[in-house]
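*Asks:* What follows is a predicted protein model with its sequence.
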Amino acid sequence: MSLPKPVMRGLLGRRLRFHLPIAFALSIVAGAALKGYTVTEPRKQAYADFYKQYDAVKEFNAMREAGIFESVRPSGE
């Protein structure tokens, strides 16, 4: 009892016809999930929430008083 020889001619083409559409579909689903639910939209919402309360002048004055800037003296001097 011998095993039949495997058919090697056209094997890559047949496997690609089956696996390529699956790979494209999965990559599109993964990209949409990352954009919409896990990374992009929550990050944009976090930035929007932060900048609703952010006061740049107040932050600048706090850094100036701490002495971070060399070209700007604190207001007490």
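*Replies:* Looks like it came in fine. Numbering: from 1, shown residues only.

*Asks:* gap between the residue positioned nearest the centre of the chain and residue 60?
*Replies:* Nearest residue to the geometric centre of the chain (CA atoms, centre = their mean): residue 39, 5.4 Å. Per CB to CB, to the nearest Å, residue 39 is found 31 Å from residue 60. Every C-beta, even on glycine, is put in place using the N, C-alpha and C of the backbone.

*Asks:* got any ranges where the protein has weak pLDDT?
*Replies:* 74-77 (pLDDT under 70).

*Asks:* host element of residue 68?
*Replies:* Residue 68 belongs to no helix or strand when elements are defined using DSSP states H and E.

*Asks:* Please compute how far stretch 54-71 lies from its chain's middle.
*Replies:* 31 Å (CA atoms, centre = their mean, to the nearest Å).

*Asks:* same question but for stretch 10-19, I mixed them up
*Replies:* Counting by CA atoms, centre = their mean, stretch 10-19 comes out at 32 Å from the chain centroid.

*Asks:* and it, C-alpha only, in PDB?
*Replies:* Output of stretch 10-19 as PDB, limited to C-alpha atoms (Å, rounded to 0.1, in the frame of the first residue of the first chain):
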ATOM      1  CA  GLY A  10      -0.500  25.000  -9.100                       C
ATOM      2  CA  LEU A  11      -0.500  24.400  -5.400                       C
ATOM      3  CA  LEU A  12       0.600  28.000  -4.500                       C
ATOM      4  CA  GLY A  13      -2.100  29.500  -6.800                       C
ATOM      5  CA  ARG A  14      -4.800  27.400  -5.300                       C
ATOM      6  CA  ARG A  15      -3.800  28.200  -1.800                       C
ATOM      7  CA  LEU A  16      -3.600  31.900  -2.500                       C
ATOM      8  CA  ARG A  17      -7.000  32.000  -4.100                       C
ATOM      9  CA  PHE A  18      -8.300  30.600  -0.800                       C
ATOM     10  CA  HIS A  19      -6.200  32.500   1.800                       C
END
